[in-house]
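**Student:** The sequence and its predicted three-dimensional model are supplied below.
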Amino acid sequence: MVIEIIADGIRIGTVTRCGPGIVIARLPNGEPLGQLGDIDAAVLALAARCQQVTAQEAVAAA
């Protein structure tokens, strides 16, 4: 099962459930964030990565 994660209208990645206790989070470019234990942890990892990238872009623009 693949779940597309959208925050504030922006696609921040996908979460794939591969089996019991096996969930993989991927960025929109397909880069895996790693194997996580559950869907909630995967969504939180994607949200944290999205915030990190946004903060880096804001610093670079300043």
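**Tutor:** Arrived safely.

**Student:** For this structure, which residues score under the pLDDT cut-off?
**Tutor:** By pLDDT under 70, the low-scoring segments of the chain are 62.

**Student:** Let me see the contact set for residue 39.
**Tutor:** 3, 15, 17, 23 (CB atoms under 8 Å, 6 or more residues apart in numbering). Every residue, glycine included, has its C-beta placed from N, CA and C.

**Student:** partner strands of the longest strand seen in the chain, parallel or antiparallel?
**Tutor:** Taking DSSP state E as the criterion, the chain has its longest strand at strand 10-19. In the sheet, strand 10-19 lines up against strand 2-7 (antiparallel), strand 22-26 (antiparallel) (DSSP bridges).

**Student:** which residues sit against it?
**Tutor:** Under CB under 8 Å, 6+ apart, the answer for strand 10-19 is 1-6, 23-28, 33, 39, 42-43, 46-47, 49-50.

**Student:** Check which residues of stretch 45-62 are buried.
**Tutor:** Using 16 or more other CB atoms under 10 Å as the test for burial, stretch 45-62 gives 45-46, 49-50.

**Student:** Kindly reformat those residues as CSV containing distance to residue 57 and secondary structure.
**Tutor:** Listed next are those as CSV, based on distance: CB to CB, whole Å; DSSP: H, G, I helix; E, B strand; the rest coil:
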residue, distance to residue 57, secondary structure
45, 19, helix
46, 17, helix
49, 13, helix
50, 11, helix
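
**Student:** Alright, I will stop here.
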